[in-house]
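Student: output the structure for:
(chains A, B, C, D and E, ligands or ions: 5)
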Amino acid sequence: MNKSTQPVVIQAKNLDLTFQTNDGPVHALKDVSLDIGKGEFVSFIGPSGCGKTTFLRVMAGLETPTGGEISVNGMTPDEARKSRAYGYVFQAAGLYPWRTIGGNIRLPLEIMGYDKADQAERVKRVLELVELSGFEKKFPWQLSGGMQQRASIARALAFDAEILLMDEPFGALDEIVRDHLNEQLLALWARTKKTIGFVTHSIPEAVYLSTKIVVMSPRPGRISDVIDSPLPPERPLDIRDSPEFIELAHRVRDGLREGHGDAV
Amino acid sequence: MNKSTQPVVIQAKNLDLTFQTNDGPVHALKDVSLDIGKGEFVSFIGPSGCGKTTFLRVMAGLETPTGGEISVNGMTPDEARKSRAYGYVFQAAGLYPWRTIGGNIRLPLEIMGYDKADQAERVKRVLELVELSGFEKKFPWQLSGGMQQRASIARALAFDAEILLMDEPFGALDEIVRDHLNEQLLALWARTKKTIGFVTHSIPEAVYLSTKIVVMSPRPGRISDVIDSPLPPERPLDIRDSPEFIELAHRVRDGLREGHGDAV
Amino acid sequence: MRYILPVLTVIAVIVGIWYAAAVWMNAQWAYDQAERAGVEITFTEMAAQTMQQDKPVLPAPHQVAQELWKTTGAMVLSGRAFSKRSLIFHGWITLSATLLGFAIGSVAGIALAVGIVHSRVMDMSVMPWAIASQTIPILALAPMIIVVLNSVGVQGLLPKAVISAYLSFFPVVVGMVTGLRSPDAMQMDLLKTYSASNAQGFWKLRLPASMPFLFTSLKIGIAASLVGAIVGELPTGAIRGLGARMLTGSYYGQNIQIWSALFAAAIVAALLVALIGLIERVTLKRMGLAR
Amino acid sequence: ADDVTLQLQWVTQAQFAGYYVALDKGFYEAEDLNVTIKPGGPDIAPPQVLAGGGADVMLNWMPSALAAREKGLPVVNIAQPFKTSGLMLTCWKDSGITSPADFKGKTIGVWFFGNEYPFLSWMSQEGISTEGGEDGVTVLKQGFNVDPLLQKQADCISTMTYNEYGQVLDAGVSPDDLVTFKYEEQGVATLEDGIYALEENLSDPAFVDKMVRFVRASMLGWKYAEENPDEAAMIVLDNDETGAQTEAHQKRMMAEIAKLTAGSDGSLDEADYKRTVATLLGGGSDPVITKEPEGAWTSAITDAALASE
Amino acid sequence: MSRIVASLAPVALGVALFVGAVYALPALRGWVPVLVLLTIWLGLWAWNARLAEPGALPRDVQRIVVPALFGGTILLLWELAVWFFDVPLVILPPPSMIAARFASSTDILWADFVQTFVKGALGGYIIGAAAAFGTALLVDRSDFLRRGLLPVGNFMAALPIVGTAPILVAWFGFDWHSKAAVVVVMVFFPILVNTVAGLASTDVMQRDLMHTYAASRGQSLMKLRLPAAMPFIFNGLKVASTLALIGAIVAEFFGSPTLGMGFRISTSVGQLAMDMVWAEILVAALAGSAFYFAVVAIEGWVTFWHPSQRKRR
Ligand SMILES: Nc1ncnc2c1ncn2[C@@H]1O[C@H](COP(=O)(O)OP(=O)(O)OP(=O)(O)O)[C@@H](O)[C@H]1O
Ligand SMILES: Nc1ncnc2c1ncn2[C@@H]1O[C@H](COP(=O)(O)OP(=O)(O)OP(=O)(O)O)[C@@H](O)[C@H]1O
Ligand SMILES: Cc1ncc(C[n+]2csc(CCO)c2C)c(N)n1
Ligand SMILES: [Mg+2]
Ligand SMILES: [Mg+2]
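Tutor: Ligands and ions are numbered 1, 2, ... in the order given. Reported below is the predicted structural model:
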């Protein structure tokens, strides 16, 4: 499989995961191998149900593979989880409705034992980052879906996780906001050198953000293509009109089409 | 405002709608005027919370404007609703969980008193249309989100509504499926000559589908631009790489950006 | 099946505590008896004695079990299942009032809920009073209900069933109102775009959507019905039924009899609830609401 | 046949043997009566049942019946099969009680439901407060069984000679460990189990005739029961639908009941009536009746019943 | 105000028409009481229906006036029915008599209230709720225990109080302690079952989030599962609040000091003082409803975030 130049943070080897359901077993991951280097931005793209979320969850130690091996920083994902290596943004915002936006962002900080002053400072900082300053005292249900999603991103950024796993974080946003957050995310990534795993349905988004694009196909879920991006680290928004970009997008689209087959 | 050549089906004049909420009034629509001609395909695009859904609901008689006038086929929307002029596809699939896919599609037919044989025939036809034949006896939760959304579209197509209102029907689908359904929808529209109101967040989608694109901006929700599409009625998928298309997309994007202002 | 072991464990623990409590609570009597007889008894003798008193303060589990068997299974074996000394007979009497009361109560409850959901006046006026009605101690009201019904010529099963209905209608109203209101705005709006009538809205949306709520409240309702039937048995002369067994047991200090009637009642309740659970599962499965 | 419904004031037991015997032996049938016996219980106020039309006649203790009269329900005693009172207080000997004066500072279980008045008037005669404390008695509303005594929650409880006292003995207590105070011996006895009907009905000659036959047959039953106590007890047992009564218990109860009905031919002794009223009028701070009742009893029925024999 | 008066006009008209009809048709006279009651009822109902229409009155006023009028109608019909049908006072006294008794016996009623509600019901409620809550936390630690205890708990909850009350009176004596014990037994299982269900009610994503933070058991309990369980816990507390007073009163039927609501009810029945019985029932209904609505108010305050408590529009 693909090798990257940086030291490897996540290393998956021949992963297999089968869910036992009432309708029989579901083969969600089959023979998945992948190396993710430190500081890489890896996007996962593929049709619905191909196992993107499942793979991310395996990396985070939320799901145990039924076969193969995976290590994170040389540890098992579970050990990595206990050392609080992850920030995770779920497909839906998943804010706790009884906490204000500020309280939700403070949640991981309280749990990890940051001191009060530090908490306040961090909350303020990440709220600015996602442009929600002024909404600290509101409750989630008083905000629009897009704002909630931004708050949930802020929550994952508030503490110093080395690895950021994001499951379609921008799925519910409109294009303009999405563009904006894409830029912000790239800037943040450049600044913090976090390793990022990012699930998306949007080809331009995957191409625009990633250093590596993983195309997956379903039934059973497996990796059908891994594309290293030739785009430079500096990416203004209009890079999307460049020929390299369009070519890359075409390659991803072809990969996707192939995997699609019967699923319409 | 903009005038179209076909006879006018929906005519809105200086619409105003203010919601009274516990946090004070929300001005969802302000001074909205628009004419929609028979057989037009009108897309509504704009940032989250700008009143797209509200406008669609006003057209369907689900919401009463607090000011201005709207007529549908020369009637009030409420009268039009009572004459069963609408097919409405909601932002989420909204299938009834205790009915099978077939049962859900049959629901409007039962209510409107179609006879049994006709019902069966129509269910079969629309299921084929959205490529869900064979799933008639399944319950919604046995289908993926995308399939559910297709079923909900089938439900709106099953009876002979003259006007089809669709609120982000493809928001939850991945790009490949989306492309496919876009093609299908265009074909259907060409065949049936329905008047379609379509809300989307995706600029390419709006440009690809519409004869007219309505750009909206928030706080208060109003129409900031109405763009008549110069694209021909015949639209293969690769029309999206044509210069006209890209230019049109740019115009929409600019319109959107303008309206965005403070909201990120 | 994965419930059996945990449940058995919990039961075992409870039975253990129960035996210990029986020894402790019946000890006084054992010692007193010994003292009157003028003998000294050891702890083991005392403990053994506490297991077999005629009128223990707390009967031992096996005494209750024996009594239950003696008044049910043994009766069946000797062909006297419906003798007056059989709990099957008394259970049947209580059960018939329970079922009738439950039928009245749930039909009334559903009707009231439909009214509340469809009529604004009913919604605003009935609910607070329905709540207040449940804070009235039924045992105080029961004799009056019986007498009043008696004076208009209603006798027999019905007065008991009325009391049982009084207790069961409330959970049904509350559950059914919640259930009939459970469709979300989108589901309601969909029907509106079809310009469906109120009746269509009820049959095609509200009613099916309320089914899970209905069954949950029916389960609470039928247990309440049973309590109502037992309460209703006291002021009808406590002639027959599980309530009468409890009362006369209490009146003659027959603790074993009270406990076995009590358990018989709980078993009947559990069976009724299980029965509704079964109907629930079948119905919801057919509606596609159970996975 | 004429229908008569009789409301008892307690569950089926030998206390009501006379009526069950009359029913079983066909005495009622012989008088062309079709009698239904409704058992009572702790929650049933027989006067209420009478008022509601659920019964034609009831059995009641006189204090309760006179209280009903004052409340505006004119019930009339038409016969008094019980001559003697069976009510008493049963105390632990080791509580140190030997006479009513020793009640001070003790806890006593009393039946309420209209039956507390003889006790209250007794205590007021003795000059003992019923509000608790050093110089008074602490009164408990006693339930239906003798547990409060057995478990020593009370020093004394109310018992009937024919029932609860036997239960105490059955529980293994020796009579030597107990001290009893019969109301009869304390001079505060009130009339127990009498037959009562509504005053307004008694102006109807047909009803009166029915009652005459009813009382006559009932008294026949009572006398039969007195003479054949064991058989009477078995008849009661046969009529007990709860299946909770035991043979031994009912036989003993019948033997004791026979002592209370002995010496009554059914007619009310005016002296007993006067004593009952005096006791009640003298009763405590919150008397059950405030004035001498009038027309609370009639001898018309018993006179007719006895004359035609 | 004038609106209210105006809407009364059809009622008056109906009554007038009815009286006229009765005089015109003598055959109707036997039915007069029934018809009068029916007319009054229909009339007042129609009036109430008008008042309940959106916008007829300010919403807050409506919320009080409409149920009050409904209750008032029932009382009026009750009063008139007792009067028309000559119902014996020893069976059912009219509301006016009950009110008079209530007013003249406030001292007795208050003492009974303190004994039964404050000591018995409230005491037992607090102990029972605390015990159930504690047990729920214990049970929650083990899936095994939860699976074992819940069915058994549901079974125990079905034990009828009329059977348990005499037993508990025998165990805990005649004073309020035994009443509190009955209440504890009655409220324990509804609260336990609801709390355990509530603690298990969080969705997968909310739990996974805690998981990614490697939160400890205690942290995830305090910050996630307990807040999420609150709506369920309050459901249990609400159910239990109506049970508590009933339990305390019923237990007094099986032995009590010469004080308490249940004691007063059962002895007053014996004395045929039905006005006193109903005065106590009134106290029970008032106290019980107040208790219930107090719990509802606290619920609204604690679970303000739950969709059922949020009022948009
Ligand atoms: N907990 C589970 N139990 C059983 N099957 C599951 C479970 N989670 C996921 N699956 C199944 O595994 C497969 C992969 O699911 P997954 O959620 O990883 O897909 P995905 O690529 O994230 O899809 P989407 O784009 O719709 O989010 C699907 O068929 C799904 O139904
Ligand atoms: N029922 C309602 N009550 C109060 N406010 C409402 C209601 N419905 C919508 N709004 C408000 O009106 C505004 C317009 O809402 P609308 O749903 O029409 O936006 P939208 O353009 O459809 O947004 P999105 O793209 O997120 O679906 C928003 O601010 C919203 O919060
Ligand atoms: C609640 C209540 N308490 C006492 C009596 C009086 N009483 C009449 S007969 C009888 C039986 C004695 O074995 C008793 C106690 C009653 N009727 N109801
Ligand atoms: Mg996913
Ligand atoms: Mg919308």
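Student: use CA for all of it now, contacts and neighbours both
Tutor: Noted.
Student: specify the local secondary structure of A:V214.
Tutor: What DSSP: H, G, I helix; E, B strand; the rest coil gives for A:V214 is strand.
Student: what domains does the record give for the chain?
Tutor: Picked chain A for this. By the record's domain assignment, chain A is partitioned as A:1-85+A:162-264, A:93-160 (automatic domain parsing).
Student: oops, wrong one, chain C.
Tutor: What automatic domain parsing lists as the domains of chain C is C:4-58, C:87-286.
Student: which one, of the ones you listed, ends up nearest to chain A?
Tutor: Of all the domains of chain C, it is domain C:87-286 that lies closest to chain A, at 14.0 Å by C-alpha to the nearest C-alpha.
Student: rewinding a little: and the domains of chain C, which is most packed in?
Tutor: Most buried of the domains of chain C by mean neighbour count (mean count of other C-alpha atoms under 10 Å in any protein chain shown) is domain C:87-286; its value is a mean of 22.
Student: can you tell me the closest non-neighbouring residue to residue 183?
Tutor: Reading this off chain A. Using C-alpha to C-alpha, 6 or more residues apart in numbering or on different chains and skipping the chain neighbours, the partner closest in space to A:E183 is A:L237 (7.5 Å).
Student: meant chain D actually
Tutor: The spatially closest residue to D:Y183, leaving aside those adjacent along the chain, is D:A189, at 4.8 Å (C-alpha to C-alpha, 6+ apart).
Student: tell me the SS of the one you found?
Tutor: Following three-state DSSP, the label given to D:A189 is coil.
Student: quick one: contacts for it?
Tutor: Taking C-alpha atoms under 8 Å, 6 or more residues apart in numbering or on different chains, we find D:A189 in contact with D:S85, D:L87, D:P118, D:Y183, D:R275, D:T276, D:T279.
Student: repeat the analysis, applying 10 Å as the threshold.
Tutor: By C-alpha atoms under 10 Å, 6 or more residues apart in numbering or on different chains, the contact list for D:A189 reads D:84-88, D:118-119, D:122, D:182-183, D:272, D:275-276, D:279-280.
Student: give me phi/psi at the nearest residue to D:L220 once chain neighbours are set aside?
Tutor: Nearest residue to D:L220, sequence neighbours excluded (C-alpha to C-alpha, 6+ apart): D:A22, at 6.9 Å. Dihedral pair for D:A22: phi -60, psi -40, per degrees, to the nearest 10.
Student: give the contact list for D:A22.
Tutor: Residues near D:A22 by C-alpha under 10 Å, 6+ apart: D:28-30, D:35, D:214, D:216-225, D:232.
Student: of those, closest to ligand 1?
Tutor: Nearest to ligand 1 among the contacts of D:A22: D:V35, at 71.9 Å, using C-alpha to the nearest ligand atom.
Student: just the element for the closest one, please.
Tutor: Element membership of D:V35 [criterion: DSSP states H and E] is strand D:33-38.
Student: what pairs with that strand, parallel or antiparallel?
Tutor: Sheet partners assigned to strand D:33-38 using DSSP bridges are listed as strand D:2-7 (parallel).
Student: just the strands in the stretch 101-250 of chain A please.
Tutor: Taking DSSP state E, counting those that start in this stretch as the criterion, the stretch 101-250 of chain A carries its strands at A:163-167, A:195-199, A:212-217, A:222-228.
Student: pull out the buried residues from the third one.
Tutor: Think strand A:212-217. Across strand A:212-217, burial judged by 16 or more other C-alpha atoms under 10 Å in any protein chain shown covers A:K212, A:I213, A:V214, A:V215, A:M216, A:S217.
Student: in the stretch 1-150 of chain A, which spans are helices?
Tutor: In the stretch 1-150 of chain A, the helices defined using DSSP state H, counting those that start in this stretch lie at A:52-59, A:77-82, A:101-112, A:116-129, A:145-157.
Student: show the average pLDDT along the last one.
Tutor: Averaged across helix A:145-157, pLDDT comes to 87.
Student: flag every residue of the stretch 1-150 of chain C that's near ligand 3.
Tutor: Within the stretch 1-150 of chain C, no position lies close to ligand 3 (C-alpha under 6 Å from any ligand atom).
Student: low-confidence ranges in the chain?
Tutor: No chain specified, so I'll use chain A. Across chain A, the ranges flagged by pLDDT under 70 are A:1-5, A:172, A:259-264.
Student: sorry, I should have been clearer: chain E.
Tutor: Applying pLDDT under 70 to chain E picks out residues E:1-19, E:21-30, E:308, E:310-313.
Student: max-length helix in it?
Tutor: helix E:274-302 (DSSP state H).
Student: do that one and chain A meet?
Tutor: Yes: for helix E:274-302, a contact with chain A is found by C-alpha under 10 Å from any C-alpha of the partner chain, at E:V302.
Student: which strands and helices lie in contact with that helix?
Tutor: helix C:120-134, helix C:138-151, helix E:95-104, helix E:106-113, helix E:226-252, helix E:261-270 (3 or more C-alpha pairs under 10 Å, 6 or more residues apart in numbering or on different chains; DSSP states H and E).
Student: got these as a markdown table, with distance to ligand 2 columns?
Tutor: What follows is the helices and strands packed on helix E:274-302, written out as a markdown table (distance: least, C-alpha to the nearest ligand atom, whole Å):
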| stretch | distance to ligand 2 |
| --- | --- |
| helix C:120-134 | 21 |
| helix C:138-151 | 44 |
| helix E:95-104 | 45 |
| helix E:106-113 | 46 |
| helix E:226-252 | 24 |
| helix E:261-270 | 49 |
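Student: just to revisit the earlier point, of the domains of chain A, which approaches E:L237 most closely?
Tutor: E:L237 lies closest to domain A:93-160 among the domains of chain A, at 19.7 Å (C-alpha to C-alpha).
Student: so of the contacts of D:A22, which ones are in helices?
Tutor: Per DSSP H, the contacts of D:A22 map to helices at D:28-30, D:214, D:216-225, D:232.
Student: can you flag the buried ones in the contacts of D:A22?
Tutor: D:28-29, D:35, D:214, D:216-225, D:232.
Student: ranges for the strands of chain E?
Tutor: Here chain E has its strands, by DSSP state E, at E:256-257.
Student: measure the spatially most central residue of chain A to A:L256 for me?
Tutor: Chain A has A:M166 as the residue nearest its centroid, 2.3 Å off, counting by C-alpha atoms, centre = their mean. As for A:M166, its distance to A:L256 is 20 Å (criterion: C-alpha to C-alpha, to the nearest Å).
Student: and the residue of the stretch 151-291 of chain C closest to ligand 2?
Tutor: C:A185 (9.4 Å).
Student: in chain D, what residue sits furthest out from the centroid?
Tutor: Going by C-alpha atoms, centre = their mean, the residue of chain D most distant from its centre is D:E134, 32.2 Å out.
Student: residues contacting D:I257?
Tutor: By C-alpha under 10 Å, 6+ apart, D:I257 lies in contact with D:14-17, D:82, D:84-86, D:160-163, D:222, D:225-226, D:229, D:251.
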